[in-house]
Structure formats: structure tokens, C-alpha cells
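okay, here's the prediction I keep looking at, along with the sequence it came from:
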Amino acid sequence: MYSTSKIIRTISFAGALVFVTLSPTARAVTPPPDGGDPNQNTDLIALNEEAVKLEQAGGADAHTFFEAHLSNQLLFRRASGKLVGKEEFLAGLDQAGHFSSRRPEDIRLTQLDDRALVTLVVVGTRADDGSVHRYRNIRLFSRSGEKWVMELWYNFEIMGP
């Protein structure tokens, strides 16, 4: 059973996706736009690459990274459909993972002022049978001071070839 607050956060997530995706002032920043700040693009790409790497590795470095870059109000929809928050995600970093490896692909950014929508594919090789699976990740970030913080994270398995 979902709590009212999780339902509201899910609806907010959907609204944010529509707003950022359909906004006429949103701009794609992959590759960096002419006259734009390429450091923001580079920062967000590096942040998402590092997130995939550290989620796979786990440990103290992963905890430090995600503690700094996940909102305390994070709403994360796992590929299984389960909704979790920041604390549940951090606790999961200490458990044995389902994957022997993960790598990011096809990172795309849409930035609107101090908000950014990042989509990427995470390719994971399962530890139990060696099968390869692809997961679409949709992440909404906001800038907090000098760093980007992930507010919403939606994940689903890409079926098919």
C-alpha cells in the first residue's frame, strides 16, 4: 500500500517530467550549447557516470557520494516498481548486489535554469546468470549551491533487443 505522501510525490514527479520535457524554454545540452556553460553539462555527465560506478561498488565512498547528491526527500522508483526514499537506497548499498557490473550509456540532458532532467541507460550484467539487462533511468536534479542534487529517480527495464 502506498502512503498519501508517496502518491503525491509520484504525481509531482510526473508533473516535473512533463514541465521540463515540454517547456518551450528547456534546452538540450548534449553536446553543450553554443554560448552555454559547458561545465554544467560536464558536471552533470560526470555526476551520473560516477553514480552508476559507485552504486555498483557500494562501500563508504558510495555512501558519502549519495549522501551529498541525493535529496533528503528523494523519491526513487526501482525497476521492480518499488518506491523507496534516500535512507532505503543508502541501506541497499550495503547489501550484495544483483549485478557483477554496471555501465552508463546514452546520457542526455535537458536543463532549465537550476533544474535538469537527465536520462541514461544503465547496462547491468547479472551476477547470478551473466545475463545483460538495460535500464532506462530518468533523473530530475536541482542545483543546491554549487552542487547538483537528485530529487527524483525513475527506473525501468528496457525490454526487447
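Looks like it came in fine. Residues are numbered from 1 along each chain as shown.

any regions of the chain where pLDDT drops low?
For the chain, residues meeting the criterion pLDDT under 70 lie at 1-40, 96, 161.

give me that answer again for 90
When residues are selected by pLDDT under 90, those of the chain lie in 1-43, 92-98, 112-113, 144-146, 160-161.

quick one, strands of it?
With strands called from DSSP state E, the chain shows them at 27-28, 70-77, 83-84, 99-112, 115-126, 132-144, 147-158.

how far does stretch 122-129 sit from its chain's centre?
Centroid separation for stretch 122-129 versus its chain: 18 Å, with C-alpha atoms, centre = their mean, to the nearest Å.

need the CA coordinates for that stretch. PDB is fine.
Extracted in PDB, the C-alpha atoms of stretch 122-129 (Å, rounded to 0.1, in the frame of the first residue of the first chain):
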ATOM      1  CA  VAL A 122      22.400   1.600 -17.300                       C
ATOM      2  CA  VAL A 123      23.600  -1.700 -18.700                       C
ATOM      3  CA  GLY A 124      23.900  -4.300 -16.000                       C
ATOM      4  CA  THR A 125      25.300  -7.800 -16.100                       C
ATOM      5  CA  ARG A 126      23.600 -10.000 -13.600                       C
ATOM      6  CA  ALA A 127      25.800 -11.800 -11.100                       C
ATOM      7  CA  ASP A 128      23.700 -15.000 -10.900                       C
ATOM      8  CA  ASP A 129      23.500 -15.900 -14.600                       C
END
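
which residues are contacting it?
52, 97-105, 131-135, 137, 155 (C-beta atoms under 8 Å, 6 or more residues apart in numbering). The C-beta positions use only the backbone N, C-alpha and C, and glycine is treated the same way.

cool, thanks, signing off.
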